[in-house]
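Visitor: Kindly return the folded structure for what I paste below:
(chains A and B)
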Amino acid sequence: MMLSPYPTTGERIRIGLLWLWCGLVILFLLVPILIPVPLSFNSGSFFIFPLEGISTRWYEVVLGTQRWQSAIGNSLLVAFGTTLIATILGTMTAIALADEKFPGRRIVMPLLLSPLIVPVVITAVGSYLFYARVGLASTYAGIILAHTALASPFVVVTVAASLTGFDRNLMRAAAISGAKPVRSFFKVMLPLILPGVLSGAAFAFVTSFDEVVVVQFLASANQRTMPLEMFIGLREKLSPAITAAATLMMGLSIVLLVVANILARRGQKRPG
Amino acid sequence: MTAIPPSELDRPALARGRSAADADLRSVSAAIRRAEFGDRLRSLALAGPLLVLLALSFGIPIVLLLSRAVYDPTIASALPQTSQALSGWSGSGLPDDAAFLALAADLRDNQAKGTAYELAKSLNARLPGARSQVLKTVRQLESAGDKPPLEVVKSVPFWSQPGTWPAIANGTHAVTSFYLLSALDLRWNADGSIERVPPEQAIFLQVFMRTFFVAAAVTLATLMLAFPLAYLIASAPKGLAAILIVAVLLPFWTSILVRTAAWTVLLQKFGLVNDLLLWLGVVDDRLDLMYSRIGLIIAMTHIQLPFTLLPIYSVMRTIPPSQMKAAYSLGGRPFTAFRRIYLPQVFPGVMAGCLLTFILCLGYYITPALIGGASDQLISNFIANYVNVELNWEMAAALSFILLVFTLALFGIFARILGLDRLKLV
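Guide: Numbers count the residues shown, from 1 in each chain, chains lettered A, B, ... in the order given. So this is what the prediction gives:
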């Protein structure tokens, strides 16, 4: 809020207080997520400022030891699998929902979003119970399946948003020109909504890569992902390796989501 | 241009009677209907795979879990003869010797089939202490030799205690309200009405109240922090607003686990928060913030702040600043203008932000597990504990059932009153 051209004293005080309060809130938001970054480069084993010295020894632990390496591998495997399935199925669903004639549209959307609302422990415990019966417990397929439920809503939402700027007449034009539906999807629709699809894919990837509760219930000991390794580490003994892992994970999420948001914005701005 | 629906095209044509043109029209309208049907089928086919996948990986698991809360056939299938013997029992006093004999026979069968431990565990969930008694009786029956089984069972005082047989009789009904009632600290009493369990056994109401309290405290804290910041971002010049919104989104895009990890570092006894408090002179001695309620609320507030802020901000930026200026120029004092012009318009956004944060707080698991102390565990932590440690699926299911009812009811209110467009999750 800016000052008006002829501010009164009361207005000056109000605006000053607003700025002060908001400055503190911004500090509250940013300082906690930035703190692990310098600590991860600490050469000592404690979490106390000032740092003893700069070193990359904790990154060597995270990137060099077998335990963390296999966790990173598991995380990437699950996240790529989830992204692939969630992106394909989510895009198909968003296209179907964009059609006003889609039956039961008002019911389907809340159902699609409900995995984001239902407490994740319930989803995790339920999957654990069900997958044990059908032989999916402790399998990568089971984890990917459960993560797809959590990730696909993001794809549906972002692709649906990019479809609002898509002119359906283009598909009719393609059909009249003799293109089969599949061909006109790949040649006409997909290039135009691609930013939305890629943005949804990035959201799906981050959702799966960051997820820890479902993995905790479904993964066997050698299927532990990076977040699960972190969670276990936090419970046992606080080691600076955790801050290095946290910094890596935070960096990856932020880079991917910045890209996703730039893409999503571009997708929506496109004139219809 | 509006298209004329095929049915209205049909009507005058029908009035003229049969003609070639008429037949054409009808075939056209039939073709349109066919095409529309095809469209519908195609969109269902497009959405179908995801809906099926969601049913498999989300719908069925949850329904299966919830069914465990009300359906528990363990005792009924472990004690078939006892169930039958008890069918004529009045429910008060001790049943006749036939029931004791049936029990002895059932217990032997369970031992032979290797299901005795499962039965003992299941009975123990309903009757604390029953596990060891059942296993003891089973052992004694095995080593009894010539001693008649009736005597063996009667020699264990547990089977003659007043609460034992009603619990067994209840357990022989596979469909049960026992666990759901337990999750609310209620039970059936002897004369068939529902009563509160004795205070020393009551745990869950307190946990639910704690969960609601933490959720409410976090919601209020995020609102106090988010509202002024949203207001500032909405009225700041474009460049500054972009920088501020990035400051909100950076933590939003960092996973809950990473932020919780950051807070465990900050809240340590020799961590930054204590350093700051000492430096400010707020406290004289370092506080124990880890494993405390206040530490938990601070960390959850940090994590939820963007969820509360974004819906508020998205409403605020649609309100033109000229409105407030108009209110001032008409003589409204700043507070009056804010209360009567601004607040009513941003209210839906405030509701959306607060309701979303409240709903999400009800399901918190990671942060209480890592930052909360033993008395700060929320309902999700109890659910996980019943599955991981106690192996009591029925109780986990019953708690999930009740948590889910609250969550979905609030989500329903959200969708109904505020609309799903206000749900800012990405």
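
Visitor: Every contact and neighbour count from this point should use C-alpha atoms.
Guide: Fine.

Visitor: can you list the residues of the stretch 301-426 of chain B near chain A?
Guide: Residues of the stretch 301-426 of chain B lying close to chain A (Cα under 8 Å from any Cα of the partner chain) are B:302, B:359-360, B:362-366, B:370, B:380, B:383-384, B:387, B:400, B:404, B:407-408, B:411, B:415, B:420, B:426.

Visitor: burial count for A:Pro103?
Guide: A:Pro103: 15 surrounding residues under other Cα atoms under 10 Å in any protein chain shown.

Visitor: Report the secondary structure state of it.
Guide: Three-state call for A:Pro103 (DSSP: H, G, I helix; E, B strand; the rest coil): coil.

Visitor: Touching, it and B:Arg40? I think so.
Guide: Yes. Between A:Pro103 and B:Arg40 there is a contact at 7.3 Å, judged by Cα atoms under 8 Å.

Visitor: and chain B, what are its domains?
Guide: For chain B, automatic domain parsing gives the domain ranges B:1-41, B:74-176, B:204-422.

Visitor: would you turn the ones you listed into CSV with distance to A:Leu77?
Guide: Shown next, in CSV, are those (distance: least, Cα to Cα, whole Å):
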stretch, distance to A:Leu77
domain B:1-41, 34
domain B:74-176, 38
domain B:204-422, 19
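
Visitor: So which of these is nearest A:Gly10?
Guide: domain B:204-422 (9.9 Å; Cα to Cα).

Visitor: coming back round to it: out of the domains of chain B, which comes closest to A:Tyr6?
Guide: domain B:204-422 (13.0 Å).

Visitor: got any ranges where the stretch 51-200 of chain A has weak pLDDT?
Guide: Within the stretch 51-200 of chain A, no stretch has pLDDT under 70.

Visitor: Get me the contact residues on it for chain B.
Guide: A:89-90, A:92-97, A:99, A:101-103, A:110, A:115, A:117-123, A:125-131, A:145-146, A:149, A:154.

Visitor: Buried subset of the residues you listed, written for PyMOL?
Guide: Those of these that count as buried under 16 or more other Cα atoms under 10 Å in any protein chain shown are selected in PyMOL with:
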select buried, chain A and resi 89+90+92+93+94+95+96+97+102+110+115+117+118+119+120+121+122+123+125+126+127+128+129+130+131+145+146+149+154
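
Visitor: Next step: the residues of the stretch 51-200 of chain A next to chain B restricted to helices.
Guide: In helices, defined here by DSSP state H, the members of these are A:89-90, A:92-97, A:110, A:115, A:117, A:120-123, A:125-131, A:145-146, A:149, A:154.

Visitor: Just the buried residues of the helix or strand harbouring B:Thr357, please?
Guide: Using DSSP states H and E, B:Thr357 falls within helix B:343-362. Neighbour counts over helix B:343-362 (16+ other Cα under 10 Å) mark B:346, B:348-362 as buried.

Visitor: Beyond that helix, next helix or strand please.
Guide: Next along from helix B:343-362, by DSSP H and E: helix B:366-371.

Visitor: Report all helices and strands that that next one contacts.
Guide: On a contact count with 3 or more Cα pairs under 8 Å, 6 or more residues apart in numbering or on different chains; DSSP states H and E, helix B:366-371 meets helix B:256-266, helix B:293-316.

Visitor: packing partners for the helix or strand just after the longest one?
Guide: Moving toward the C-terminus from helix B:293-316, the next helix or strand (DSSP H and E) is helix B:321-329. Judged by 3+ Cα pairs under 8 Å, 6+ apart, helix B:321-329 is in contact with helix B:334-337.

Visitor: Tell me which residues are up against the helix it packs on.
Guide: If you take Cα atoms under 8 Å, 6 or more residues apart in numbering or on different chains as the criterion, helix B:334-337 is touched by B:Met324, B:Ala327, B:Tyr328.

Visitor: Next, the buried residues of it.
Guide: Across helix B:334-337, burial judged by 16+ other Cα under 10 Å covers B:Ala337.

Visitor: how distant is it from the center of its chain?
Guide: In terms of Cα atoms, centre = their mean, to the nearest Å, the centre of helix B:334-337 is found 41 Å from the chain centre.

Visitor: Could you pull up the mean pLDDT of that helix?
Guide: Averaging pLDDT along helix B:334-337 gives 82.

Visitor: What of stretch A:256-272?
Guide: Mean predicted confidence for stretch A:256-272 is 73.

Visitor: again with stretch B:254-263
Guide: Average pLDDT, stretch B:254-263: 93.

Visitor: Let me know how buried B:Ser143 is, in neighbour terms.
Guide: 11.

Visitor: and the helix holding B:Thr357 with helix B:293-316, angle?
Guide: Helix B:343-362 and helix B:293-316 are oriented at 140 degrees to each other (axes from the mean of the first three to the mean of the last three Cα atoms, to 10 degrees).

Visitor: Just name whatever secondary elements helix B:343-362 is in contact with.
Guide: By 3+ Cα pairs under 8 Å, 6+ apart, helix B:343-362 packs against helix B:204-235, helix B:293-316, helix B:393-413.

Visitor: Next, the buried residues of the shortest one.
Guide: Which is helix B:393-413. By 16+ other Cα under 10 Å, the buried positions in helix B:393-413 come out as B:393-404, B:407-408, B:410-411.
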